[in-house]
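Novice: take a look and give me a structure for this.
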Amino acid sequence: MAKTRVVVVDDSALVRSLLSEIINRQSDMQCVGAAADPFIAREMIRNTNPDVITLDVEMPRMDGIDFLGKLMRLRPTPVVMVSTLTERGAEVTLRALELGAVDFVAKPKIGVADGLKQLAEEITDKIRIASKAHLKRLALPVAGPAAAQGDAAPPRPALPASIGRLSTEKIVFIGASTGGTEATKEVLIQLPPDSPAVMITQHMPPGFTKSYAARLDGLCRIRVAEARDGERVLPGHAYIAPGGQHLSVERSGANYIARVQAGEPVNRHMPSVEVLFRSAARVVGPNALAIMLTGMGADGAKAMRELRDAGSYNFAQDEASCVVFGMPREAINHGAVHEVLPLTQIAPRLIERLRGMGATTNRV
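Specialist: Numbers count the residues shown, from 1 in each chain. Okay, here's the model as predicted:
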């Protein structure tokens with residue numbers, strides 16, 4: 001079997017050496033080049049034709065974000081970002097995911113050598129996932145006469161002003177992993193201000209979910225925040241599981257309450273979709289609507305089936321629009337899903353379902 005060919009791009013000679021060593025220790029991958037900056041990397045990528053690139057964010061001459069944008073427009077290649085675990089690193093990494101990076105590894109600010117060695121399994125797992133990811137070429141900017149001739153992207157359909165019959169009993173639950181930061185954004189930006197509450201588990205490490213929630217809060221018509229333990233779950237709000245902690249829902253009298261707790265990883269993840277969905281099946285039942293978005297593995301699939309058995313109505317993202325189809329596929333295989341839809345159609349069908357309109361399509 002051909003090995004996955006990887007190019008490492010990082011301005012630190014130590015990091016280049018460590019990543020190359022980690023990659024070359026794997027029987028199924030090979031580091032075919034290591035570049036100190038994007039200009040060297042550009043020629044190296046042309047000559048070696050890699051399957052995956054690991055890319056540092058902050059580098060001399062051209063930063064990783066500028067390079068990534070050019071790469072995804074001209075020569076789309078799966079990229080795993082190597083980001084410093086800082087607030088600035090989190091913000092830049094989220095921008096990289098918007099531009100098409102498949103995933104990221106958060107390297108420590110100090111103790112980089114020991115930290116990267118401890119992250120060896122995560123790094124190589126993410127390279128394997130990236131090598132199989134579905135990529136989309138970034139659109140080239142259109143200017144001048146071409147724009148007037150209709151070459152620009154078609155306008156997004158008008159967003160709904162209201163759900164109409166809002167019920168404080170309804171809650172939407174979302175699970176996502178690789179590719180999920182952008183997929184979740186696509187769903188949330190289409191929801192009107194009176195949407196039912198949304199609770200989200202996105203596989204993400206500590207230090208990144210707060211920046212992610214703040215970024216979404218500035219884009220969406222509902223309020224988006226990192227979930228806090230014990231707070232009421234309210235309509236018009238989305239709650240994101242903090243990195244490194246599980247999110248679940250509980251009932252307290254007439255109210256739903258967010259429970260944020262540390263614990264052991266479930267399905268190798270913390271936060272885990274399984275934990276959130278299982279609590280929803282137990283507490284919310286027929287008032288739940290669940291969505292499984294792009295991601296690797298099977299986290300949440302069994303619990304999503306429990307949700308369906310408890311009366312929830314469930315959606316899954318289709319393979320063509322997923323970066324990685326693993327989690328939706330597993331949910332479908334468990335008989336947990338009512339509808340499989342392209343990403344852009346999930347929010348409209350969710351709203352339609354909440355309004356009680358129309359017959360369902362793409363039923364499973």
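
Novice: what about stretch 190-201, start to end distance?
Specialist: For stretch 190-201, the first-to-last residue distance is 19 Å (CA to CA, to the nearest Å).

Novice: residues near Glu182, how many?
Specialist: 18 (other CB atoms under 10 Å). For glycine as for every other residue, the C-beta is placed from the backbone atoms N, C-alpha and C.

Novice: Provide a list of residues in contact with it.
Specialist: Taking CB atoms under 8 Å, 6 or more residues apart in numbering as the criterion, Glu182 is in contact with Leu97, Glu98.

Novice: mind listing what's buried in whichever strand or helix holds it?
Specialist: Secondary structure assignment for Glu182, by DSSP states H and E: helix 180-188. For helix 180-188, a neighbour-count test (16 or more other CB atoms under 10 Å) marks Gly180, Thr181, Glu182, Ala183, Thr184, Lys185, Val187, Leu188 as buried.

Novice: show me where the stretch 201-350 of the chain has its helices.
Specialist: With DSSP state H, counting those that start in this stretch, the ranges of helices along the stretch 201-350 of the chain come out as 209-217, 273-283, 301-309, 326-333, 343-355.

Novice: now render these as a markdown table, adding distance to Thr48.
Specialist: Shown next, in a markdown table, are the helices of the stretch 201-350 of the chain (distance: least, CB to CB, whole Å):
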| stretch | distance to Thr48 |
| --- | --- |
| helix 209-217 | 33 |
| helix 273-283 | 37 |
| helix 301-309 | 37 |
| helix 326-333 | 28 |
| helix 343-355 | 33 |
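
Novice: these: which one's closest to Gly295?
Specialist: Closest of the helices of the stretch 201-350 of the chain to Gly295 is helix 326-333, at 3.8 Å (criterion: CB to CB).

Novice: what sits closest to Ser211 if chain neighbours are left out?
Specialist: Using CB to CB, 6 or more residues apart in numbering and skipping the chain neighbours, the partner closest in space to Ser211 is Ala90 (4.0 Å).

Novice: touching, the one you found and Phe208? I think so.
Specialist: Yes. With contacts counted by CB atoms under 8 Å, Ala90 reaches Phe208, the gap being 4.5 Å.

Novice: about what we covered before: for the helices of the stretch 201-350 of the chain, which one ends up most surrounded?
Specialist: Of these, the one with the most neighbours on average (mean count of other CB atoms under 10 Å) is helix 273-283, at a mean of 25.

Novice: low-confidence stretches in the stretch 251-364 of the chain?
Specialist: 357-364 (pLDDT under 70).

Novice: ugh, typo on my part, it should be the stretch 101-250 of the chain
Specialist: Residues of the stretch 101-250 of the chain that meet the cut-off, pLDDT under 70, sit at 109-110, 137-157, 164-167.

Novice: how about the strands of the protein, start to end?
Specialist: Counting by DSSP state E, the segments of the chain that form strands are 4-9, 29-35, 52-56, 79-84, 103-107, 171-176, 197-202, 223-226, 237-240, 246-252, 255-261, 288-292, 313-317, 339-341.

Novice: what helices or strands is the third one leaning on?
Specialist: Helices and strands touching strand 52-56, by 3 or more CB pairs under 8 Å, 6 or more residues apart in numbering; DSSP states H and E, are strand 4-9, helix 64-74, strand 79-84, helix 120-131.

Novice: Leu234: which of those is closest?
Specialist: Closest to Leu234 of those is strand 79-84 (CB to CB; 32.3 Å).

Novice: just to revisit the earlier point, make TSV from the helices and strands packed on strand 52-56 and add mean neighbour count and distance to Asp299 to it.
Specialist: Shown next, in TSV, are these (neighbours: other CB atoms under 10 Å; distance: least, CB to CB, whole Å):
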stretch	mean neighbour count	distance to Asp299
strand 4-9	25	23
helix 64-74	19	27
strand 79-84	25	20
helix 120-131	19	13
